[in-house]
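Student: Have a look; sequence and predicted model below, questions after that.
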Amino acid sequence: MSIRPRKQFGQHWLKSEYALDQIIEAAELKQSDRILEIGPGTGILTRRLLKTAGVVVAVEIDRDLCTKLVKTFANQENFLLLQGDILSLDLDSHLTSFPKFAHPNKVVANIPYNITSPILEKLLGSVAKPAANPYCTIVLLIQKEVAERLVAKPATKAYNGLSVKTQYLASCEWITDVPARAFYPPPKVDSAVIRLRPQPSQETVDNPKKLENLINMGFANRRKMLRNNLKGIIDGDLLTQILEQLEINPHCRAEELSLEQWIALSSAILINHAT
Ligand SMILES: C[S@@+](CC[C@H](N)C(=O)[O-])C[C@H]1O[C@@H](n2cnc3c(N)ncnc32)[C@H](O)[C@@H]1O
């Protein structure tokens, strides 16, 4: 590989054809698709995307890579490269000057692992404020441990606050494992491809901000019972009563509650219950 990877930007070049095939297949690309790729790197995934999708907008932070990418894809009319930080870049306003690339409908990317959570929040929004115009499909290659959390079921080791909050915002599917040896240089951990399909939650939520606070507080200390983690906002006896009404074990821990139970609990705890 001619371009030396930079650690500061989480650069690990994907070299597995199998992983690339899986990413492309999971994205279910069509000619009408407008793709956002985060971190095109040397362009290995970009090349595949350009073959099948309508247009590709790529955001790359590394100036030297951008210089190379511009040369590599000089003749591609369906490719737009933006140099910048995906976390701070205002994509919509940049794309107003390039109507052909405006409003990407899918995200497909092998992202830098150190900024996975902020990227997820940028793409999905938060429980309190979901993204206004969500992407229809998001296919990401991420650290395996995080991928496990995104798809985790209640009462399993991987299930945590990130699981509940992400599953509230999107359906999360496991696509495939990607071992560390599939990259150059190999990262210290294994990876996985996941597919997210953002969706409005099925349940009606009276106050999403309250739900988000409840999940954050509930998972604050994993070893404590939910009742103890929520002491700061609701009296223990009252919470026990509410949990019993919802047919939830009053001695449960946060990781035992399903998304539907978190939503039911949030609705049952009135603001004026707070101590
Ligand atoms: C794991 S590499 C993937 C590169 C390439 N897509 C591949 O699959 O081989 C992550 C890429 O994201 C870029 N990157 C890192 N931080 C970024 C940020 N904040 N905004 C945009 N790109 C970023 C890196 O420079 C690198 O090209």
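Tutor: Right, received. Where do you want to start?
Student: Report the buried residues of stretch 188-195.
Tutor: Asp190, Ser191, Ala192, Val193, Ile194, Arg195 (16 or more other Cβ atoms under 10 Å). For the C-beta atoms, the positions are set from N, CA and C on the backbone; glycine is no exception.
Student: How much space separates the fourth one from Lys106?
Tutor: Separation of Val193 from Lys106 (Cβ to Cβ, to the nearest Å): 14 Å.
Student: Got the phi and psi for Ile194?
Tutor: Main-chain torsions, Ile194, degrees, to the nearest 10: phi -130, psi 160.
Student: Specify the local secondary structure of the closest residue to Asn110 other than its chain neighbours.
Tutor: Leaving aside its sequence neighbours, Asn110 sits nearest to Leu141 (Cβ to Cβ, 6 or more residues apart in numbering; 4.1 Å). Taking DSSP: H, G, I helix; E, B strand; the rest coil as the rule, one finds Leu141 in the strand state.
Student: looking at it, Leu141 is touching Ser191, isn't it?
Tutor: Yes: at 5.7 Å, Leu141 counts as touching Ser191 under the criterion of Cβ atoms under 8 Å.
Student: Need the residues touching each of those two.
Tutor: Val178 (Cβ atoms under 8 Å, 6 or more residues apart in numbering).
Student: and Lys211, that's in a strand?
Tutor: Just so we're on the same page, residue 211 is Leu rather than Lys. No: counting by three-state DSSP, Leu211 is not found in a strand; it is helix.
Student: who's in contact with the nearest residue to it once chain neighbours are set aside?
Tutor: In space, Leu211 comes closest to Ser266 once its chain neighbours are excluded; the distance is 4.1 Å by Cβ to Cβ, 6+ apart. Ser266 is in contact with Val205, Asp206, Asn207, Lys210, Leu211, Leu214, counting by Cβ under 8 Å, 6+ apart.
Student: Run through the neighbouring helices and strands of the helix or strand harbouring Leu150.
Tutor: Following DSSP states H and E, one finds Leu150 within helix 144-151. Applying 3 or more Cβ pairs under 8 Å, 6 or more residues apart in numbering; DSSP states H and E, one finds that helix 144-151 contacts helix 161-169, strand 170-178, strand 191-198.
Student: And the ligand, is the last one touching that?
Tutor: No: Strand 191-198 does not reach the ligand (Cβ under 6 Å from any ligand atom); its nearest approach is 9.1 Å.
Student: Now do the SS call for Asn228.
Tutor: Applying three-state DSSP: Asn228 is helix.
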